[in-house]
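Next come a sequence and a model predicted from it.
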Amino acid sequence: MSDQALRLGTRRSKLAMAQSGQVAEAVRRLTGRPVELVEITTYGDVSREQLAQIGGTGVFVTALREALLRGEVDFAVHSLKDLPTTHPDDLALAAVPVREDARDVLVARDGLTFEQLPEGARVGTGSPRRMSQLNAYARSHGLTIETVPIRGNVDTRIGYVRKGELDAVVLAAAGLNRIGRSDEVTDFLSVDTVLPAPGQGALAIECRAGHTARDAELIAALAGLDDPHTRVAVTAERSLLAALEAGCSAPVGALADLLADGQTVKELRLRGVVGTIDGSTLVQLSTTGPVPETHDQAMALGRELAAEMLAKGAAGLMGERAH
Ligand SMILES: NCc1[nH]cc(CCC(=O)O)c1CC(=O)O
């Protein structure tokens, strides 16, 4: 492979820079080539609107993809949970590296855990999925919380708690870990209580689909960063999301995890949840079976669980966001 620098397109946020920097380092080690970061601003970065309002899907990725297709950058790193479930033919999902912690976490004042929050606590999150499951969690403890829609980067969100405007905010563990702020966490929310967003904690490394020898060479090199287990899990999770005809701003949680017997991976469990925003009704189902061996099998698993969820009334709970 030539020693020409590879250009990695990245958003400018601290989180994007952290994850792009980590992938850049891995690609340097893998290919022996220099990797240059190219900063790109996306609509999701400049818009002050709530994600649920601007549609969510793709707001962070579109500008990066356009830069890829125009040949301005050679590859890009996305948070997989921000990636729309339909993949354009001219782009390749070259690698899905080993997933970080998939959980949501609470960053609360005075070190409070979720169960220690006072009645009426103001909890910041703009995510319908988090609102739904947090409200359900609160209800199960005889508590009523007030979810407050917020946006902004991780620093901004934690700032609402530091300034006393909110009692707590909910964030992804992976994001805090990647920017070195996991010490802010006051409670790790078990996935048995709050199922993360499909693909949460995982990254997607994307490049052009390889019409030129140079692109094909890059795809082959990036494959060295792929973790097959993470890929199969997120494929099933995203297939479930797609089959529910829901976008990334729908109140849908999904997590596939491998059940191991000692060192041997035995089975894959896929869990899915859909709920009303107030948390009064959740449809939560799980399926366990042999680890899918192909992309199509992983897709089928997600579709099958989605069909069961729809049969239990999932569509009705997603309301107008299900489009
Ligand atoms: N919604 C924005 C977003 N997209 C990816 C992450 C970081 C976690 C990840 O990689 O899944 C976050 C922040 C958050 O949800 O707290």
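Yep, it's here. On a predicted model such as this, the values are computed, not experimentally measured, just so you know.

Pull up the gap between His141 and Glu115, please.
When distance is defined by C-beta to C-beta, to the nearest Å, His141 is 6 Å away from Glu115. For every residue, glycine as well, the C-beta is placed using N, CA and C.

and if you look at Thr62?
Thr62 is 40 Å from Glu115, by C-beta to C-beta.

if you count what's nearby, which of these two comes out ahead?
More neighbours surround Thr62 than the other of Thr62 and Glu115, with 14 against 11 (other C-beta atoms under 10 Å).

Give me the pLDDT for that one.
Per-residue pLDDT puts Thr62 at 88.

Can you report phi and psi for it?
Phi and psi for Thr62, reported as degrees, to the nearest 10, are phi -60, psi -50.

Endpoint to endpoint, stretch 273-284 covers what distance?
In stretch 273-284, first residue to last residue: 4 Å (C-alpha to C-alpha, to the nearest Å).

Give me the residues contacting it.
Outside stretch 273-284, the residues that touch it by C-beta atoms under 8 Å, 6 or more residues apart in numbering are 128, 131-139, 195, 244, 246, 250-254, 271-272, 285, 309, 312-314, 317-319.

Weed out the non-buried ones from those.
Among the contacts of stretch 273-284, those classed as buried by 16 or more other C-beta atoms under 10 Å are 128, 131-138, 195, 244, 246, 250-254, 271-272, 285, 309, 314, 317-318.

By average pLDDT, which secondary structure element in this protein comes out worst?
Lowest by mean pLDDT, DSSP states H and E among the helices and strands of the chain is helix 51-54, with a mean of 49.

returning to that earlier point: mind checking which of the contacts of stretch 273-284 land in strands?
For the contacts of stretch 273-284, the ones inside strands are Val252, Gly253, Ala254, Arg271, Gly272, Leu285, with DSSP state E as the criterion.

Flag the shaky bits of the stretch 51-200 of the chain, pLDDT-wise.
Across the stretch 51-200 of the chain, the ranges flagged by pLDDT under 70 are 51-57.

quick one, helices of it?
All helices of the stretch 51-200 of the chain, identified by DSSP state H, counting those that start in this stretch, fall at 51-54, 62-69, 128-140, 154-162, 173-178.

Does the third one reach the ligand?
No: taking C-beta under 6 Å from any ligand atom as the criterion, helix 128-140 and the ligand are apart, separated by no less than 8.5 Å.

Let's see that helix as PDB, backbone CA atoms only.
Extracted C-alpha coordinates of helix 128-140, given in PDB (Å, rounded to 0.1, in the frame of the first residue of the first chain):
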ATOM      1  CA  PRO A 128     -37.800   9.500  23.500                       C
ATOM      2  CA  ARG A 129     -36.200   6.000  24.200                       C
ATOM      3  CA  ARG A 130     -34.600   7.200  27.400                       C
ATOM      4  CA  MET A 131     -37.700   9.200  28.500                       C
ATOM      5  CA  SER A 132     -39.900   6.100  28.000                       C
ATOM      6  CA  GLN A 133     -37.700   3.700  29.900                       C
ATOM      7  CA  LEU A 134     -36.700   6.200  32.700                       C
ATOM      8  CA  ASN A 135     -40.400   7.000  33.300                       C
ATOM      9  CA  ALA A 136     -41.200   3.300  33.500                       C
ATOM     10  CA  TYR A 137     -38.200   2.700  35.800                       C
ATOM     11  CA  ALA A 138     -39.400   5.600  38.000                       C
ATOM     12  CA  ARG A 139     -43.000   4.300  38.100                       C
ATOM     13  CA  SER A 140     -41.700   0.800  39.200                       C
END
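
Please state the offset of it from the chain centre?
Averaging C-alpha positions (C-alpha atoms, centre = their mean, to the nearest Å) puts helix 128-140 18 Å from its chain's average.

and that helix, what other elements does it pack with?
Judged by 3 or more C-beta pairs under 8 Å, 6 or more residues apart in numbering; DSSP states H and E, the packing partners of helix 128-140 are strand 146-148, strand 252-261, strand 264-275, strand 282-290.

His295: what's its closest spatial neighbour, skipping adjacent residues?
Using C-beta to C-beta, 6 or more residues apart in numbering and skipping the chain neighbours, the partner closest in space to His295 is Thr235 (6.1 Å).

I misspoke; the intended subject was Arg130.
In space, Arg130 is closest to Val170, 5.1 Å off (C-beta to C-beta, 6+ apart).

mind listing what the nearest residue to Val73 once chain neighbours are set aside touches?
Nearest residue to Val73 in three dimensions, chain neighbours excluded: Gly9, at 3.4 Å (C-beta to C-beta, 6+ apart). Taking C-beta under 8 Å, 6+ apart as the contact definition, Gly9 lies against Val38, Ile40, Leu64, Ala67, Leu68, Glu72, Val73, Phe75, Ala76.
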